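Engineer: Build me a model from this:
(one chain, ligands or ions: 2)
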Amino acid sequence: MSPMLTLPAPAKLNLFLHITGRRDDGYHTLQTLFQFLDFGDSLSFQLDSGTGVRLSPDLPGFDPAENLVVKAANKLRSYIGSPPTGVTIHLDKRIPMGGGLGGGSSDAATTLLALNRLWGLDLHTDELASVGLELGADVPVFVRGHAAWAEGIGEQITPASPVEDWYLVLIPPCTVNTAQIFRHERLTRNSKPIRIAPAFDGNHSDYRNDCEALVCELYPAVEQALQWLRSECGNARLTGTGACIFSRFPTESGALAVLRNRPSGIKGFVAKGLNSSPLHNRLTELL
Ligand SMILES: C[C@](O)(CO)[C@H](O)COP(=O)(O)OP(=O)(O)OC[C@H]1O[C@@H](n2ccc(N)nc2=O)[C@H](O)[C@@H]1O
Ligand SMILES: Nc1ncnc2c1ncn2[C@@H]1O[C@H](COP(=O)(O)OP(=O)(O)OP(=O)(O)O)[C@@H](O)[C@H]1O
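Structural biologist: Ligands and ions are numbered 1, 2, ... in the order given. Predicted coordinates for the structure are as follows:
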């Protein structure tokens with residue numbers, strides 16, 4: 001048996017998200033600032049003598065073939081032509097699905113980097129990012145592993161260093177379908193492009209999430225949670241297309257105090273913002 005490699009797949013926040021247009025292929029141009037969280041999934045990889053990709057456990061109500069972990073492994077197998085071995089993958093899922101925290105995209109990126117290492121492929125990060133982009137707009141930022149400004153459809157990435165504050169993340173009891181939000185006629189798509197400033201961290205009322213108004217209209221649970229969080233601490237924002245919302249704090253204890261006070265029926269957690277991905281830190285330690 002080959003040794004098992006266990007790696008993190010961190011969640012992300014969109015500290016803001018402006019939608020600046022829509023391309024002919026339906027994808028939207030946007031400007032966003034990504035930061036990782038010290039909270040996420042964990043994946044274990046073990047090479048085996050077979051040829052296929054096996055994933056456990058099954059996610060309830062979800063077709064395993066549609067899991068981005070399996071899709072990422074298969075995409076890499078076809079990219080390199082002849083996979084050297086089979087692989088068995090265990091996914092410890094903690095990031096809520098459909099929450100705007102990028103869990104599926106992060107799982108896919110961790111899979112690409114793990115198999116690049118285990119199969120001894122030595123593919124460059126640029127190559128892995130372009131393989132990842134075919135799986136989802138958010139995958140490249142997880143492959144590159146640094147907090148970043150993203151433009152284009154999310155694939156044009158510039159490293160950024162926002163303040164590594166603490167975040168309270170609330171998980172309203174609903175899941176939001178990203179494609180439904182992007183295709184909705186009432187989504188606003190006309191934010192004026194802003195200039196990237198290296199020191200900027202999105203912590204300003206001029207910056208917002210353009211999906212927020214529509215998501216609140218379609219998902220009252222998100223609107224209620226946002227209203228509550230704003231009444232408690234002023235700042236609160238949607239991440240991605242939701243459903244999760246977050247608020248930033250200079251200290252962990254400040255965030256935990258608000259978490260303890262949350263309305264019943266809403267889950268949540270407190271995590272630190274990270275500009276360097278724990279996945280990349282772990283891979284460097286293992287070198
Ligand atoms: C909103 C963000 O979460 C911001 O981080 C991402 O841009 C969404 O990334 P994602 O979940 O990886 O999304 P994808 O799986 O690539 O796309 C899901 C669906 O969202 C729409 N979509 C996504 C990204 C984008 N820039 N424009 C779009 O219109 C497309 O209809 C697509 O079919
Ligand atoms: N391993 C996985 N973990 C989570 N979702 C997955 C996974 N594999 C496939 N998916 C599918 O991908 C969709 C998007 O997953 P992901 O967690 O990346 O997005 P999200 O949390 O909605 O964030 P965003 O709004 O930023 O796209 C899920 O709703 C689910 O249908």
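
Engineer: Give me the contact status of the strand ranked longest in the chain with ligand 2.
Structural biologist: When the chain is parsed with DSSP state E, its longest strand is strand 28-48. No: Strand 28-48 does not reach ligand 2 (CB under 6 Å from any ligand atom); its nearest approach is 7.3 Å. All C-beta atoms are positioned from the backbone trio N, CA, C, and that covers glycine.

Engineer: now that strand: mean pLDDT?
Structural biologist: Taken as a whole, strand 28-48 has an average pLDDT of 97.

Engineer: check contacts around Leu55.
Structural biologist: Neighbour list for Leu55: Pro64, Asn67, Val69, Val70, Ile89, His90, Leu91 [criterion: CB atoms under 8 Å, 6 or more residues apart in numbering].

Engineer: So it versus Gly99, what's the distance?
Structural biologist: Using CB to CB, to the nearest Å, Leu55 is found at 20 Å from Gly99.

Engineer: For the stretch 1-150 of the chain, what lies in contact range of ligand 2?
Structural biologist: Applying CB under 6 Å from any ligand atom, we find that the stretch 1-150 of the chain lies next to ligand 2 at 66-69, 97-105, 107, 138.

Engineer: Using neighbour counts, trim these to the buried set.
Structural biologist: Burial by neighbour count, judged by 16 or more other CB atoms under 10 Å, picks out 67-69, 98-105, 107, 138 from those.

Engineer: pLDDT check: weakest of the residues you listed?
Structural biologist: Comparing those by pLDDT, Gly98 comes last, at 91.

Engineer: and the gap between it and Gly234?
Structural biologist: From Gly98 over to Gly234 (counting by CB to CB), the distance is 27 Å.

Engineer: and if you look at Asn209?
Structural biologist: Distance, Asn209 to Gly234, using CB to CB: 16 Å.

Engineer: These two - which one has more neighbours?
Structural biologist: Ranked by neighbour count (other CB atoms under 10 Å), Asn209 and Gly234 place Asn209 first, with 23 against 9.

Engineer: show me where this structure has strands.
Structural biologist: Taking DSSP E, the strands of the chain run over residues 5-22, 28-48, 53-56, 86-92, 148-151, 156-159, 166-171, 237-238, 245-249, 267-274.

Engineer: Perfect, that will be all.
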